[in-house]
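In: Based on what follows, work out the 3D shape:
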Amino acid sequence: MKNTGKPVIKLRIIKEGVGYTVIGQWKERSLITCGDTWEELRSMIVEMVNLVFEDLGYTFTIDEIQLEFDLPSFFDFYKVINVKALSERIGMSQSLLSQYTNGIKKPSLRQTKRILQGVQQIGRELAEARFLL
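Out: Here you go, the predicted model:
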């Protein structure tokens, strides 16, 4: 059988009471790990994925693994994103967005897309930013 390239690995990151859990599936292979901090979690993800695919001869870096966050995990990892400013930008109540980002309430698919579009717009703007030298 000809090797057509590495498998696409998608993992979900979920904020727990203490730390984070990562889960995923690729064919019959279960992908599960955890970590207390973002740095530890990244290391554990790479180690876990490489162990799971060792028999197939694949080696992955963190940049080759697709990570999907729940809202509390995303906002915990990216503390630089100000919930108040984002809520104003996307026209959502700060209180409601805070409840979503703290895991108190679960947003609908429509609300999740609205938040994601706001975050992605900020990302595009930051990527295009230039400073005077």
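
In: For the worst-scoring helix or strand of the chain on mean pLDDT, list the C-alpha coordinates in CSV.
Out: Every helix and strand in the chain was compared by mean pLDDT, DSSP states H and E; the lowest is helix 71-77, with a mean of 87. Listed in CSV are the C-alpha atoms of helix 71-77, where the atom choice follows Å, rounded to 0.1, in the frame of the first residue of the first chain:
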residue,chain,number,x,y,z
LEU,A,71,-14.8,28.6,24.5
PRO,A,72,-13.5,28.4,28.1
SER,A,73,-10.3,26.8,26.9
PHE,A,74,-9.8,29.2,24.1
PHE,A,75,-10.2,32.3,26.3
ASP,A,76,-8.1,30.7,29.0
PHE,A,77,-5.2,30.1,26.5
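
In: which helices and strands sit right next to that helix?
Out: If you count contacts as 3 or more Cβ pairs under 8 Å, 6 or more residues apart in numbering; DSSP states H and E, helix 71-77 packs onto strand 9-15, helix 94-101, helix 109-128. Every C-beta, even on glycine, is put in place using the N, C-alpha and C of the backbone.

In: mind putting these in JSON lines, mean pLDDT, distance to W38 and mean neighbour count included?
Out: Output for these, formatted as JSON lines (pLDDT from 0 to 100; distance: least, Cβ to Cβ, whole Å; neighbours: other Cβ atoms under 10 Å):
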{"stretch": "strand 9-15", "mean pLDDT": "93", "distance to W38": "9", "mean neighbour count": "18"}
{"stretch": "helix 94-101", "mean pLDDT": "96", "distance to W38": "16", "mean neighbour count": "17"}
{"stretch": "helix 109-128", "mean pLDDT": "96", "distance to W38": "17", "mean neighbour count": "12"}
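
In: okay, those in a markdown table with distance to C34 next?
Out: Putting these into a markdown table (distance: least, Cβ to Cβ, whole Å) gives the following:
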| stretch | distance to C34 |
| --- | --- |
| strand 9-15 | 9 |
| helix 94-101 | 21 |
| helix 109-128 | 24 |
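
In: Looking at those, which is nearest to T61?
Out: Proximity to T61 (Cβ to Cβ) singles out strand 9-15 among those, at 11.0 Å.

In: rewinding a little: any idea how far the least confident helix or strand of the chain is from the chain center?
Out: Per Cα atoms, centre = their mean, to the nearest Å, the displacement of helix 71-77 from the mean C-alpha position of its chain is 8 Å.

In: Alright, calling it a day.
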